[in-house]
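A.B. asks: below are the sequence and a predicted model for it; my questions follow.
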Amino acid sequence: MNRLCVHTITTKPLSIEQIAEAYPRAGVSGITVWRDALEGRDVAATGRMLREAGLDVVSLCRGGFFPHTDAAARKLAIEDNLRAIEEAEALGAPMIVLVCGAAAGQPLETSRKQIAEGIAAIEPYAKAAGVRLAIEPLHPMYADTRSAINTLAQANDLAQQLNSPFVGVAVDVYHLWWDPALHQEINRCGSNGKLFAFHICDWRVPTRDLLLDRALMGEGCIPVKQIRQWVEATGFKGYHEVEIFSTEYWAGDQLVFLDKIKRAYLDHC
């Protein structure tokens, strides 16, 4: 249990203050904070509150969304990512997860070029703040607007191209479980010290919504335990981060849900 982390989006109905009480009681020791949970709050004070509650702040989610067909919009995206770096530093989060983005009105290759340029532009600021940037590849079904980085190989190639100790990748089983090269690419990023984060959940069969129907580990078809073994065989010693978007689970009692998360983690991860 000491490596169990939960994303604030997983228990979306709870405020960050409620989370600071609920997570430690459920045996959760790590937290990844989504930026919406910080709205209207003193970020540094929130970070202190979480640590005083016994939670390790694992990362801030999310930065990215670099590609746009309009240059002014790309500039605004860079500015937003610089704000995310400031927020991560104030929060005490050592890492930002990047959902890289895509623009439907241009080729994926162009979006990927803009992603590389965007990360390169913010990397010096991240380095100065001591904040790592984790490129998260998303399932190809999101290649229209959410991310032009859709395989771990693409994320690894991009991290290699940028060649910074502050740029690596996040492995999310929901997005990558289907990839026949997954084991090979996990070994690649792990051996290079580029495996920064590991996100877990499950793929419901049949899935009822491509965004908001993620399942608890053990409820679907993802071989979570096997992928965890591949990740840990590389020497990865970070948290196992539960990231679930689910209208079904959000509609229920979040304390009961946290207990289900703990049991699913112990039984299926």
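C.D. replies: Structure received.

A.B. asks: low-confidence ranges in the stretch 1-150 of the chain?
C.D. replies: 1 (pLDDT under 70).

A.B. asks: for burial, what's the neighbour tally of the closest residue to Pro140 other than its chain neighbours?
C.D. replies: Excluding the flanking residues, the one nearest Pro140 by CB to CB, 6 or more residues apart in numbering is Asn150, at 4.6 Å. Heads up, the C-betas are built off the backbone N, CA and C, glycines and all. Counted with other CB atoms under 10 Å, the burial measure for Asn150 works out to 23 neighbours.

A.B. asks: so Asn150 sits against His139, correct?
C.D. replies: Yes - judged on CB atoms under 8 Å, Asn150 makes contact with His139 at a distance of 6.9 Å.

A.B. asks: can you give me the strands in the chain?
C.D. replies: Taking DSSP state E as the test, the strands found in the chain are 4-7, 30-34, 56-64, 95-99, 132-135, 167-172, 195-200, 202-203, 214-215, 240-242.

A.B. asks: now the ones you listed as TSV including distance to Gly47 and mean neighbour count?
C.D. replies: Formatted as TSV, these follow (distance: least, CB to CB, whole Å; neighbours: other CB atoms under 10 Å):
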stretch	distance to Gly47	mean neighbour count
strand 4-7	15	26
strand 30-34	8	24
strand 56-64	6	25
strand 95-99	14	26
strand 132-135	17	26
strand 167-172	21	25
strand 195-200	18	26
strand 202-203	30	21
strand 214-215	27	22
strand 240-242	18	24
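
A.B. asks: dump those strands into TSV; add distance to Leu108 as well.
C.D. replies: As requested, the strands of the chain are exported to TSV (distance: least, CB to CB, whole Å):
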stretch	distance to Leu108
strand 4-7	27
strand 30-34	26
strand 56-64	15
strand 95-99	15
strand 132-135	15
strand 167-172	18
strand 195-200	23
strand 202-203	23
strand 214-215	25
strand 240-242	27
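
A.B. asks: what about stretch 30-48, distance to the chain center?
C.D. replies: 15 Å (CA atoms, centre = their mean, to the nearest Å).
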